[in-house]
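In: This is a predicted model, with the sequence first.
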Amino acid sequence: MNLIDSLAKVLDQLGAEWILYVLIALSVLSVAIVIERAIFLRRNATPPDLQMQLLRALDSGKTQAVALLEPHRGMAAQVVLAGVRELHRGAPAVEELMTAREAHERQRYDRFLGFLGSLGANAPFIGLLGTVIGIMGAFADLKATMGGDGADANRTQAIMGSISEALVATAVGLFVAIPAVWAFNHFKGSIRAAQGDTQALASVLLAHLKSAPSEPTATPGKSGGGQRKDGGPAAEA
């Protein structure tokens with residue numbers, strides 16, 4: 001017995017049924033991830049009027065802006081909140097801090113999406129593997145019955161039944177892959193929208209910070225504007 005015959009015998013003994021169980025388990029896990037991500041995005045949605053609220057809050061002071069953003073858990077609010085808390089560092093530093101915070105928030109939003117993408121890409125191949133194994137088993141049965149005395153009609157019906165069962169694995173693989181791909185693309189679109197909201201809100205903060213008048217600094221040696229303590233002009237040396 002050569003290597004090909006040995007592998008064919010092993011695959012025939014394994015059968016294709018275990019492939020179906022794997023696909024069902026992956027499907028259940030995929031549905032659980034879709035539900036979890038949908039709830040996550042709903043809870044972390046950014047209010048549509050947050051930009052105008054932030055402008056008014058910034059005009060009232062840093063404390064008001066922090067109080068406005070803290071209750072919101074979405075990417076836009078958390079990124080800009082990190083910048084508001086460090087307003088005293090200046091616009092360049094605030095921009096860098098918000099960029100770092102956005103990278104951190106992106107990890108929260110991308111959680112489990114890699115699994116959905118991989119499942120959508122590979123589930124059809126898993127189903128195809130089950131189909132190949134099933135068809136190999138069907139042809140093995142055909143080979144074993146060749147030369148027998150059984151009726152040709154019954155033999156053909158049994159072989160076609162085996163092939164039909166094998167094709168079920170491919171159908172199940174596609175059934176698992178298509179929703180996973182749709183969910184992956186949908187969530188990626190939601191994340192891009194959240195990033196757009198983040199950029200818009202961050203621009204509001206930076207515009208306010210750059211337009212705010214800087215505090216005057218005292219010039220050494222000229223403090224007091226040349227006035228004596230009693231309010232009169234300073235005496236010249």
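Out: All right, it came through fine. Numbers count the residues shown, from 1 in each chain.
In: Assess the claim that residue 34 and residue 181 are in contact.
Out: No: Residue 34 is not in contact with residue 181 according to Cβ atoms under 8 Å; the separation is 11.5 Å. C-beta coordinates here come from the backbone N, C-alpha and C atoms, glycine included.
In: okay, the two: which has more neighbours?
Out: residue 34 (19 against 16; other Cβ atoms under 10 Å).
In: On the three-state scheme, that one is what?
Out: helix (DSSP: H, G, I helix; E, B strand; the rest coil).
In: Tell me who's in contact with it.
Out: 116, 179, 183 (Cβ atoms under 8 Å, 6 or more residues apart in numbering).
In: Reformat those as a markdown table; add pLDDT and distance to residue 64.
Out: Output for the contacts of residue 34, formatted as a markdown table (pLDDT from 0 to 100; distance: Cβ to Cβ, whole Å):
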| residue | pLDDT | distance to residue 64 |
| --- | --- | --- |
| 116 | 95 | 40 |
| 179 | 94 | 44 |
| 183 | 96 | 39 |
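In: Among the residues you listed, which lie within helices?
Out: 116, 179, 183 (DSSP state H).
In: which residue is nearest the middle of this protein?
Out: For the chain, the residue nearest the mean C-alpha position is residue 110 (2.4 Å; Cα atoms, centre = their mean).
In: Just list the residues touching it, thanks.
Out: residue 191.
In: again, but for residue 33
Out: Neighbouring residues of residue 33 by Cβ under 8 Å, 6+ apart: 112, 115-116, 183.
In: Residue 109 too?
Out: Taking Cβ under 8 Å, 6+ apart, one finds 40-41, 44, 75, 191, 194 in contact with residue 109.
In: What is the burial count for the closest residue in space to residue 102 that isn't next to it in sequence?
Out: Spatial nearest neighbour of residue 102, chain neighbours left out: residue 79 (4.9 Å); criterion: Cβ to Cβ, 6 or more residues apart in numbering. Using other Cβ under 10 Å, residue 79 is surrounded by 28 other residues.
In: Kindly report the same for residue 20.
Out: Neighbour number of residue 20 under other Cβ under 10 Å is 18.
In: For this structure, just list every one of the helices.
Out: Under DSSP H, the chain gives helices at 3-14, 17-43, 50-60, 62-69, 75-84, 91-109, 113-145, 152-211.
In: For the longest one, what is the distance to the chain centroid?
Out: Think helix 152-211. 12 Å (Cα atoms, centre = their mean, to the nearest Å).
In: ok, and for stretch 30-40, which residues are buried?
Out: For stretch 30-40, the neighbour count (16 or more other Cβ atoms under 10 Å) marks 30, 33-34, 37, 40 as buried.
In: backbone phi and psi for residue 111, please?
Out: phi -60, psi 130 (degrees, to the nearest 10).
In: Point out where the protein drops to low pLDDT.
Out: 1, 4-5, 8, 12, 141, 143-159, 161-162, 212-237 (pLDDT under 70).
In: from the helices of the chain, which stretch is densest packed?
Out: Neighbour counts (mean count of other Cβ atoms under 10 Å) averaged over each of the helices of the chain peak at helix 75-84, with a mean of 24.
In: which residues touch that helix?
Out: By Cβ under 8 Å, 6+ apart, helix 75-84 touches 44, 46, 50, 54, 58, 62, 65-66, 69-70, 72, 94-95, 97-98, 100-102, 105-106, 108-109, 194-195, 197-198, 200-202, 204-206.
In: what angle separates that helix from helix 50-60?
Out: 20 degrees (axes from the mean of the first three to the mean of the last three Cα atoms, to 10 degrees).
In: distance between helix 75-84 and the chain's centre?
Out: For helix 75-84, the distance to the chain centre is 19 Å (Cα atoms, centre = their mean).
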